[in-house]
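S.K.: next input, structure requested:
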Amino acid sequence: MSQVCNIALLGQKFMGRAHSNAYLKAGRFFNLPCAPVMHTIVGRDLIALAPFADRWGWHRYTTSWKEVLKDTATELVDICTPNAMHAEQALAALAAGKHVACEKPLASTLKDARAMKNAAARSRKCKTFVWYNYRRCPAVALAYQLVQEGRLGRVYHIRAAYLQSWGGPETPLLWRFQKKYAGSGAHGDLNSHIIDMARFITGQEIVEVSGAISETFITERALPDTGTRGPAVSRRKKRTGKSDVDDCTLFLARFGGGTVASFEASRLATGHQVSNTIEINGEHGALRFDLEDMNILWYYDNREEARTAGWRRILCTSAGNHPYAGAWWPDGHLIGYEHTFVHVVVDMMAVLAGQEPTLPLPDFANAYETQRVLEAATLAAKHRAAVRLSEVK
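M.R.: Numbering: from 1, shown residues only. Here you go, the predicted structure:
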């Protein structure tokens, strides 16, 4: 790999902005062994592409992602399109000899995810990455390190929830509410994140979904004026369409190490904006994290004497002590959501340069394991029965 990496980004909406910002900032705050070059931005809206490219620093723009794959200068294809497009674009990029980064979940179906995993395994010279960015909150990274050091001992319980409230009846029928584009609703969008965090922090894999429930509360939604997320709907006579994905999915699971867990995802959890939480209880201690207070990790040491024992609030901004923190601001100065994407870029560039990332990065094979859990929970909810992961391949 050369000292630079020419990137083509497919998608210019919410995630397109998050990834663009990360490519802009990574080399300014971190010493990178391989510099990301913002080569080409790809989107469907030609009118909006030029100002987007100019605003975010992309050298070229086009509406044809297939043409980008023919360009020998393109080295990494970054996929930020709706879930149903991931497989076609990733498979074509791998066939063209490109490295591929893909937004989560890996695909809209298990079949597509399997095809992506297998193609990546065949394309041995091509690296793959999946943007499970919450692994790279310094507080989550510290949780991972503490568990790996044995601070919790045997892990007993995991309780994880990702709760949002933006998906009420006033929200129009965006692609995220249509199965043909998204694959699933809150389940794939939100549960995928907390499944990945639980797998990452504990180092354990789920072996059974013991039970699940999935519900669609809002079955009809107004057709939107635009494809952006938000409450705005057409001022014309309101036409509606069917919302055929879950608004919430909850499930129970068992891990191979004996840990039991609960997972909950909802877009209708009134009072919650982005409440992404995980608590892990073990024989020697416990940890808890909440994205809405993302610089903090709470730690309980069960071996302290009872009269002084209690939850310890750790501000994860200390250079040299907390992953990634030293590249940003003086200790105690907080970072935000966008920084997690920068950290993904930092570690992707390390891998492409032949170096070790700060923390393990999920590739297609790793993200496929999360997709299997999503599928198992979907089957468990459908059949009202436990599903072993050995049955989901």
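S.K.: middle-most residue in the chain, spatially?
M.R.: Nearest to the geometric centre of the chain sits Tyr132, at 3.1 Å (CA atoms, centre = their mean).
S.K.: tell me how far it lies from Cys102.
M.R.: The gap separating Tyr132 from Cys102 is 10 Å, by CB to CB, to the nearest Å. Glycine gets a C-beta too; all of them are placed from N, C-alpha and C.
S.K.: identify the contacts common to these two.
M.R.: Listed contacts common to Tyr132 and Cys102 are Ala367; contacts here mean CB atoms under 8 Å, 6 or more residues apart in numbering.
S.K.: the stretch 1-150 of the chain: helices as residue ranges?
M.R.: Along the stretch 1-150 of the chain, counting by DSSP state H, counting those that start in this stretch, helices occupy 14-29, 46-56, 65-70, 86-95, 110-122, 138-148.
S.K.: with respect to Cys5, which of those lies nearest?
M.R.: helix 14-29 (9.7 Å; CB to CB).
S.K.: show me this structure divided up by domain.
M.R.: Listed by automatic domain parsing, the domain ranges of the chain are 4-133, 135-330+364-383.
S.K.: let me see the mean pLDDT of the last one.
M.R.: Okay, so that is domain 135-330+364-383. Averaged across domain 135-330+364-383, the pLDDT comes to 94.
S.K.: ends of that domain, how far apart?
M.R.: End-to-end distance for domain 135-330+364-383, by CA to CA, to the nearest Å: 32 Å.
S.K.: same deal with stretch 134-154?
M.R.: End-to-end distance for stretch 134-154, by CA to CA: 24 Å.
S.K.: buried residues in that stretch, which are they?
M.R.: 134-144, 146-147, 151-152 (16 or more other CB atoms under 10 Å).
S.K.: show me where the stretch 151-300 of the chain has its helices.
M.R.: 179-182, 186, 192-202.
S.K.: can you tell which of those is closest to His157?
M.R.: Set against His157 and scored by CB to CB, the helices of the stretch 151-300 of the chain come closest in helix 192-202, at 10.9 Å.
S.K.: tell me who's in contact with Leu152.
M.R.: Under the criterion of CB under 8 Å, 6+ apart, the neighbours of Leu152 are 146, 280-287.
S.K.: one more time with 7 Å
M.R.: Residues near Leu152 by CB atoms under 7 Å, 6 or more residues apart in numbering: 146, 280, 282, 284-287.
S.K.: same thing with Arg267?
M.R.: Listed by CB under 7 Å, 6+ apart, the contact set of Arg267 reads 164, 166-167, 185-186, 247.
S.K.: nearest residue to it in space, please, no chain neighbours.
M.R.: If the residues on either side of it in the chain are set aside, Arg267 comes closest to Gly167, at 3.1 Å by CB to CB, 6 or more residues apart in numbering.
S.K.: look up how far Met197 lies from that neighbour.
M.R.: 21 Å.
S.K.: who's the nearest residue to Arg312 once chain neighbours are set aside bridged to?
M.R.: Leaving aside its sequence neighbours, Arg312 sits nearest to Tyr299 (CB to CB, 6+ apart; 4.7 Å). Beta bridges link Tyr299 to Leu287, Arg312 when assigned by DSSP bridges.
S.K.: tally of neighbours for the closest residue to Val207 other than its chain neighbours?
M.R.: In space, and not counting its chain neighbours, Val207 is closest to Gly256: 4.8 Å by CB to CB, 6+ apart. The local packing of Gly256 (other CB atoms under 10 Å) involves 12 other residues.
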